[in-house]
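1. can't give you the sequence, but here's the structure:
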């Protein structure tokens, strides 16, 4: 099997034309998904069943079904609903980009909420009891004690979810969006050379993944700058 290196160099600039769309999908759905995850996490740790159960049901649905199916439901199914077509949400759902953002946001929100909840539950109860002894109320303990520690605990898993979200953005090419994967599929259809094209695409995604890993590592070191490390003097 021959390997055309020149085809890789000619295809890479074309595929990189879609990197802007890939980053838009990653950043927008990541930020919106994080906001949704915080709300779901607060519902889960509220201790109130009428908040906990809806959050659990939502998380179960979106973690229990494939992201590709969710994208198809949002893109093909939601626009069929009359109240959406006649409502203020129609400008979002009539556009493939809006549908992609909604689907990715709903999916990542479910996963990240459990990551955040794990961080909150991982906070040492003795720290909270010490805060209570100092006169801090529940809101102050959550803001000044639980949140910083939980963020530090949840960050490694959250970084993995950001990488998963990056890879999930490749699925939006199935709903006509010309991200890097969508452009790569077009090039393959023109050149009949999937081996070279998709290997070069994989390398691009690995480079972006490495950048995200380094960024998360720097944030983790910054959050843990006051952490006492055993074995050091």
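-> Ah, there it is. Remember, it's a predicted structure, so these values are computed and weren't measured experimentally.
2. drop to CA atoms for contacts and neighbour counts, all remaining ones
-> Fine.
3. biggest helix in the protein, by residue count?
-> In the chain, with assignment by DSSP state H, the single longest helix is helix 194-223.
4. what are the buried residues along that one?
-> 196-198, 200-201, 204-205, 209, 212-213, 216, 220, 223 (16 or more other Cα atoms under 10 Å).
5. OK, contacts around residue 39?
-> residue 113 (Cα atoms under 8 Å, 6 or more residues apart in numbering).
6. which residues of this protein score low on pLDDT?
-> 1-3, 225-233 (pLDDT under 70).
7. rerun that using 80 as the cut-off
-> Within the chain, the stretches with pLDDT under 80 are 1-6, 223-233.
8. how about the helices of it, start to end?
-> 5-16, 19-44, 49-63, 67-72, 82-85, 90-93, 96-121, 125-133, 138-141, 147-168, 180-191, 194-223.
9. for those, give me TSV that also has distance to residue 174.
-> Shown next, in TSV, are these (distance: least, Cα to Cα, whole Å):
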stretch	distance to residue 174
helix 5-16	16
helix 19-44	14
helix 49-63	19
helix 67-72	9
helix 82-85	22
helix 90-93	16
helix 96-121	10
helix 125-133	47
helix 138-141	45
helix 147-168	11
helix 180-191	8
helix 194-223	16
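10. okay, those, which one's buried deepest?
-> helix 96-121 (a mean of 23; mean count of other Cα atoms under 10 Å).
11. mind giving me the packing neighbours of it?
-> helix 19-44, helix 49-63, helix 67-72, helix 90-93, helix 147-168 (3 or more Cα pairs under 8 Å, 6 or more residues apart in numbering; DSSP states H and E).
12. show me the one of these that comes nearest residue 113.
-> helix 19-44 (4.1 Å; Cα to Cα).
13. thanks a lot, see you next time.
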